[in-house]
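[1] pasting the sequence and the predicted coordinates here, then a few questions.
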Amino acid sequence: MRNVVLVNSVKGVKRFACVKLESPTKARSIEGFLDGDYEVVACKGHIRDIREDPFGVDIDNDFEVAWVYVDKEIIDELKEKASRASEIILATDPDREGEAIAWHLCQVLDIDVESKCRITYQEVTEAAVKNALEEPRSIDMDLVHAALDRSIIDYIIGFKVSPLLWKNYASGLSAGRVQRRMLIRKVWLRNDLGICLIRLARRTGL
């Protein structure tokens with residue numbers, strides 16, 4: 001799915017709402033829901049990514065990330081429109097990736113993450129979109145951190161381990177996208193630790 005920006009004219013000043021859409025047809029549908037008051041501008045998914053060269057994660061400095069723009073033209077367009085906006089509302093998907101995209105937009109467009117800048121909805125219908133606009137919230141940083149941690153783990157493992165696969169197996173192989181198995185392993189270890197602590201407590205009478 002793609003992200004779009006809705007621009008609402010209010011007393012001659014523009015307001016933004018950033019919404020994930022799949023096609024220009026859906027964009028036109030959203031415009032129709034809101035009585036034509038909104039102009040839809042696509043930002044096409046993720047707007048920033050971790051820098052590839054030089055290595056974009058400073059492992060020795062609290063995993064600080066160096067970000068690069070995915071599409072500079074889109075960023076310039078969003079910044080230009082944001083400069084004329086009285087309010088910016090971000091309505092990317094209600095999952096961790098959508099929350100991360102909203103956070104990136106906050107960073108790029110200088111939006112306070114604690115402001116009521118975020119809306120979510122579960123279906124692209126007139127009622128759902130209008131109801132969401134009535135209940136804005138701040139950015140959920142727990143979801144953002146979950147998405148960023150996943151990206152960082154994937155990046156580090158992919159860049160560090162993939163060359164070993166090329167050398168020992170075949171070129172073109174990737175070691176990325178292994179976070180789920182790592183997460184499962186961490187859950188197993190946590191559960192094992194919990195079981196051990198319970199057994200220890202029973203034996204010692206604590």
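    Okay, I see it.
[2] what ranges do the strands span in the protein?
    2-10, 13-21, 38-42, 48-50, 57-58, 64-65, 67-69, 85-91 (DSSP state E).
[3] contact partners for the residue lying closest to residue 144 once chain neighbours are set aside?
    Nearest non-adjacent residue to residue 144, counting by Cβ to Cβ, 6 or more residues apart in numbering: residue 103, 4.4 Å away. Quick note: C-beta positions are derived from backbone N, CA and C, even for glycine. Counting by Cβ atoms under 8 Å, 6 or more residues apart in numbering, residue 103 makes contact with 113, 139, 141, 144.
[4] just the ones of the residues you listed in helices?
    Among the contacts of residue 103, DSSP state H puts 141, 144 in helices.
[5] can you tell me which of the contacts of residue 103 has the most neighbours?
    residue 139 (21 neighbours; other Cβ atoms under 10 Å).
[6] could the contacts of residue 103 go into a markdown table alongside distance to residue 64 and pLDDT?
    Shown next, in a markdown table, are those (distance: Cβ to Cβ, whole Å; pLDDT from 0 to 100):
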| residue | distance to residue 64 | pLDDT |
| --- | --- | --- |
| 113 | 18 | 96 |
| 139 | 20 | 97 |
| 141 | 17 | 97 |
| 144 | 16 | 96 |
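[7] now for the contacts of residue 103: which two are most distant?
    Distance extremes for these: the farthest pair is 113 and 144 at 8.2 Å, using Cβ to Cβ.
[8] which of the contacts of residue 103 sits closest to residue 46?
    Comparing these against residue 46 with Cβ to Cβ places residue 144 closest, at 13.1 Å.
[9] that closest one and residue 97 touch, don't they?
    No - Residue 144 lies out of contact with residue 97 (Cβ atoms under 8 Å); the separation is 10.0 Å.
[10] returning to that earlier point: let me know the pLDDT of the residue nearest to residue 144.
    Residue 103 carries a pLDDT score of 95 in this model.
[11] and if you look at residue 17?
    So residue 17 comes in at 64 (pLDDT).
[12] over to residue 173?
    Note on residue 173: pLDDT of 65.
[13] ok, now how distant is residue 48 from residue 152?
    Residue 48 sits 13 Å away from residue 152, taking Cβ to Cβ, to the nearest Å as the criterion.
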